[in-house]
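K.L.:
Sequence plus the predicted model coming up.
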Amino acid sequence: MKKLRRKVYMVAGYNTLSMGTGRKEFNPKKERPGLEDYIKEAGQGTLKLIGGAAHVDECVIGNFMASRFNRQANLAAFFPYVDEGLRYKPAIRVEGACATGGLALMSGIKSVLAETADVVLVIGVEVQNTVKAIYCADFLAGAGWFKNRKAGHAYFFPGQFSDRAGAYFEKYGRDKTRQALARWFRNAIENARLCPTAQEYHNTAKDLEALGMMEPNGKSFVDHLNVFDCSKVSDGASAIAIVSEEGLKRCGIPLSDAIEVMGWGQIEEDITKPPVDLTELSTTKQAIKEALASAGITRDQIGTAEIHDCFTIAGLMCMEAIGFAAQGKGADFILEGHTARTGRVPINTTGGLVGWGHPTGGTGVHQAVTILEQLTGKAGDAQVEIPADRPYGLTVNMGGDDKSLVSIVFKKGH
Amino acid sequence: MSYEERLQHVSVLGAAGKMGSGILLLTAVEMADISLRPENKGKPFVLNAIDVSDEALMGVMKYLKAQVLKMAEKKVVGLRKVYASRADLIDNDEIIDQYIFDVLSLVRPSTRIEAAYDSHMVFEAIKEDPALKSAIFSKISANNPHQPWFFTNTSSIPISKLDKDAGLGGRIIGFHFYNPPAVQKLVEIIKAEHTLPEVEAFAQQYAKNLRKVVVPSHDKAGFIGNGHFMRDILHATGEVDKFSKDFTFVEAVYALNKISQDYLVRPMGIFQLIDYVGVDVCSFIMSVMNPYLPGEDLHSPLLDRLLALGIKGGQFSDGSQKDGILKYEKGRPVAIFDPEMKAYVAISECQVKVDAKLGAMPVPPAWKTVVGSKSKDDMLHSYFGQLKSASGLGAELTKTYANRSCAIGLQLVNSGVAFNENDVNTVLLTGFFHAYGPINDYLG
């Protein structure tokens, strides 16, 4: 990747609640906030922090499947609904399945680099609880190749990752891997309990690892994963502003409240092809490699990471894709405590997709907001220590079964 | 004729009723699952839903659709395999819709008994009236060339009597579902004296396929379920009468309902359960059972009196509770009917006074907590252990109630209704959702 022609920062992150089962406020039988409400809340949250809509040059909204979940398209036209000051400003909607949020960030980054904008408002949103999980599975299956849907599992993506888990168990052993997946679940929930917007914030279950060890039931769900291995169905939105140095000044935000975009990997794999190796996230690995190379750092300089644990097994495989653990050693890395908030590299410090929630189109943006909070010391109860010699934060946002990838390296503004 | 062939043409009598609609649902799903097997492609499967009212049958079709939707959503993992060869069905919702269509396509609503003349088997869930049942069975049997089998849902009438009166020659068995059939796991199977072995074998297979818990009962009026329930009612109404000096009627009903729910750790109090089943239904079941119970008077003057005042209970078609002995708001009792005043009196008016009279009690664990707990037995031992040494009025009434419930259970075994104590406990656990069986050593 070419050297960046100007510095790019992210500031003013905002998350709505991740709403769904687990939150005390959630009642599937009662009317809940709609897509437009989440967009508005997140957008206004960030606008307030950057001094209002007048400071915004362009807008990007990331959304995966509102066309089915909410029967709504043309989402860019919701920006003037967020704030009248955004009327007649350029806006665009991007989509890349669960990597949508990451792609929305990339779109904003490129606008700043293209010098068509100094301040880009980016929102990622998904409102999925409009249907039961069994129909949600149909909609989310759109992240795979539709021609594979018929042969796929009723719960399509849990089925895909169950197959990966099965292959991984066979190759590297089941017992320890299952224990590591249960530990991953426990870490996710314990982190989420520290973040008031997390879907699992109210979770009070006592023995989380015992829950995580529940034996999968292929008759009612999938063969190799249980429900605790899966991120939940979530409604939520996150917003952030992507700015140049001029943009920072315009918004009156000090560098200390900003994180700098140091590099990224944004790549695609052929959606029509099966995974090269079920036990490895090859595209994820490549995207992270490019992100680290473009930032000019090694994985050993990463202080914290927000990674795409749509399923616990994806979290484990991502540890190997980053290179924190050798292939087949991801379970040891997790069980030795390295990914816990007190471990060597705290992972998913507000719960990740399993704990915070996975409003699909919003997840990539939420990851950036969490890194912003952690690197600027504003993560509240969820704050982890970022060592001075490892000042970088990493995000890994995956769309489909290791197909669309966005990985970004960040560093505190100064 | 194989199990599958017999299920190719079936009729449900009383299909629009509370029990009949559930039996119709379960049978329709079982028949559809068989019809969808590749080897049965092209074979006709017919399920007649017979009842007296077109209007009620319309409601049944709506009920079926809603229930099959729920069932299909739960088993969509398997349904994708069933419809694997249908290239046009891709998303889960398409598969679920097709399944609903396939189940409902089997069902032929009818108000004419003649529809059953072609059936190989007949499920019956009509009024608990021996003469009516026998007359209908006899009529169908006389006009049906297939020698159909009769599965009666009676909860009280001896099956041998129906067999004899209708002249069925053993082509009948008691197959007693619990309410609601689609939810309750229990089925009591009652063989008549001359029930054909192949009829019983079919009944066992059918229950297994429906994933029901089967408890056999001897062919004695009321069987195990009502054998316990009706006597349990009489204990409670007897206690109400006994306390008429110290308590008003409303106070006594409140006390007994609370004792039988909270202090006995049951899902609902005895008077709420009577309302749930229907005051009229309970009274009628007693009257059916009573002639078969020499030396015992299974009859409640209190229920007669309430019925005469128009207090019936029962449920609305959506399953919600009608007012009966108790008045309900959002499914919870809020008032009790006073036969003197002929009006409901708010529970809040007597609650504090009665609770004080009942005296100090060990805190009972909530029924919901107990049934879902792995340490259920420890919790119950601990609670009843404390209760044993407690001495207030509430504690004494609770102990008397529990002991009577246990005695009823033992009576059912000793009088040859139940095969063993375990069967009695299973019926109360799975048919009445009790947290424990009545025959236990908790107060031992």
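P.N.:
That came through, no problem.

K.L.:
does A:Leu292 count as helix, strand or coil?
P.N.:
With DSSP: H, G, I helix; E, B strand; the rest coil as the basis, the three-state label of A:Leu292 is helix.

K.L.:
and it, what does it touch?
P.N.:
A:Leu292 makes contact with A:263, A:298-299, A:394, A:409, according to CB atoms under 8 Å, 6 or more residues apart in numbering or on different chains. The C-beta positions use only the backbone N, C-alpha and C, and glycine is treated the same way.

K.L.:
List of residues touching stretch B:412-422?
P.N.:
B:216-218, B:220, B:222-224, B:227-228, B:409-410, B:424, B:427, B:437, B:439.

K.L.:
Ok, stretch B:163-170 next?
P.N.:
Around stretch B:163-170, the neighbours that count as contacts under CB under 8 Å, 6+ apart are B:130-131, B:133-135, B:137-138, B:141, B:150, B:162, B:171-172, B:192-196, B:199.

K.L.:
switch the cut-off to 6 Å
P.N.:
Outside stretch B:163-170, the residues within contact range by CB atoms under 6 Å, 6 or more residues apart in numbering or on different chains are B:134, B:137-138, B:172, B:192, B:194-196.

K.L.:
where's it relative to the chain centroid, distance-wise?
P.N.:
Counting by CA atoms, centre = their mean, to the nearest Å, stretch B:163-170 is centred 25 Å from the centre of its parent chain.

K.L.:
Let me see the mean pLDDT of that stretch.
P.N.:
Looking at stretch B:163-170 alone, the average pLDDT works out to 97.

K.L.:
According to the record, where do the domains of the chain fall?
P.N.:
Went with chain A since none was named. Domains of chain A are assigned by automatic domain parsing as A:9-132+A:233-257, A:144-231+A:259-412.

K.L.:
You answered for a different chain; I wanted chain B.
P.N.:
With domains defined by automatic domain parsing, chain B comprises B:3-217, B:225-431.

K.L.:
Quick one: closest of these to A:Glu209.
P.N.:
Closest of the domains of chain B to A:Glu209 is domain B:225-431, at 17.1 Å (criterion: CB to CB).

K.L.:
coming back round to it: narrow the contacts of A:Leu292 to those that are buried.
P.N.:
Among the contacts of A:Leu292, the ones that count as buried by 16 or more other CB atoms under 10 Å in any protein chain shown are A:263, A:299, A:394, A:409.

K.L.:
Now do the helices in the stretch 51-200 of chain B.
P.N.:
Under the criterion DSSP state H, counting those that start in this stretch, the stretch 51-200 of chain B contains helices at B:54-74, B:76-82, B:92-106, B:130-143, B:159-166, B:197-209.

K.L.:
how about stretch B:324-339, does it get close to chain A?
P.N.:
No. Applying CB under 6 Å from any CB of the partner chain, one finds stretch B:324-339 separated from chain A by no less than 13.5 Å.

K.L.:
Name the residues of stretch B:256-267 that are buried.
P.N.:
B:256-266.

K.L.:
quick one: it to chain centroid distance?
P.N.:
The chain centroid and the centroid of stretch B:256-267 are separated by 20 Å under CA atoms, centre = their mean.

K.L.:
mind checking the end-to-end distance for that stretch?
P.N.:
14 Å (CA to CA, to the nearest Å).

K.L.:
And stretch A:291-300, by the same measure?
P.N.:
OK, stretch A:291-300 end separation, CA to CA: 14 Å.

K.L.:
tell me the mean pLDDT for it?
P.N.:
Averaging pLDDT along stretch A:291-300 yields 97.

K.L.:
before we move on, what about stretch A:391-404?
P.N.:
Averaged across stretch A:391-404, the pLDDT comes to 98.

K.L.:
Give me the pLDDT value at the residue in the stretch 301-444 of chain B that chain A sits nearest to.
P.N.:
Chain A sits closest to B:Lys374 of the stretch 301-444 of chain B, with a gap of 11.6 Å, by CB to the nearest CB. Looking at B:Lys374, its pLDDT is 89.

K.L.:
in what helix or strand does it lie?
P.N.:
Under DSSP states H and E, no helix or strand contains B:Lys374.

K.L.:
Could you do B:Val214 as well?
P.N.:
Using DSSP H and E, B:Val214 falls within strand B:213-217.

K.L.:
And A:Asp37, by the same measure?
P.N.:
Counting by DSSP H and E, the element that carries A:Asp37 is helix A:35-49.

K.L.:
Let me know the angle separating the next helix or strand after that helix from helix A:35-49.
P.N.:
With elements assigned by DSSP H and E, the helix or strand that comes after helix A:35-49 is strand A:58-62. Angle of strand A:58-62 versus helix A:35-49, following axes from the mean of the first three to the mean of the last three CA atoms, to 10 degrees, is 140 degrees.

K.L.:
Quick one: check whichever helix or strand comes after strand A:58-62 for contact with chain B.
P.N.:
Counting by DSSP H and E, the next helix or strand C-terminal to strand A:58-62 is helix A:66-69. No. Residues of helix A:66-69 contacting chain B under CB under 6 Å from any CB: none, with a closest distance of 10.0 Å.

K.L.:
any residues touching helix A:66-69, and which ones?
P.N.:
Applying CB under 6 Å, 6+ apart, the contact partners of helix A:66-69 are A:35, A:72-73, A:128, A:130, A:139.

K.L.:
please redo it, this time with the cut-off set to 7 Å
P.N.:
With CB atoms under 7 Å, 6 or more residues apart in numbering or on different chains as the test, helix A:66-69 has contacts from A:35, A:72-73, A:75, A:127-128, A:130-131, A:139.

K.L.:
which pair in those spans the largest distance?
P.N.:
Every pair of the contacts of helix A:66-69 checked by CB to CB; the farthest is A:Leu75 and A:Val131, at 18.5 Å.

K.L.:
Looking at these two now, which is surrounded by more residues?
P.N.:
A:Leu75 (24 against 16; other CB atoms under 10 Å in any protein chain shown).

K.L.:
Right, I'll leave it there.
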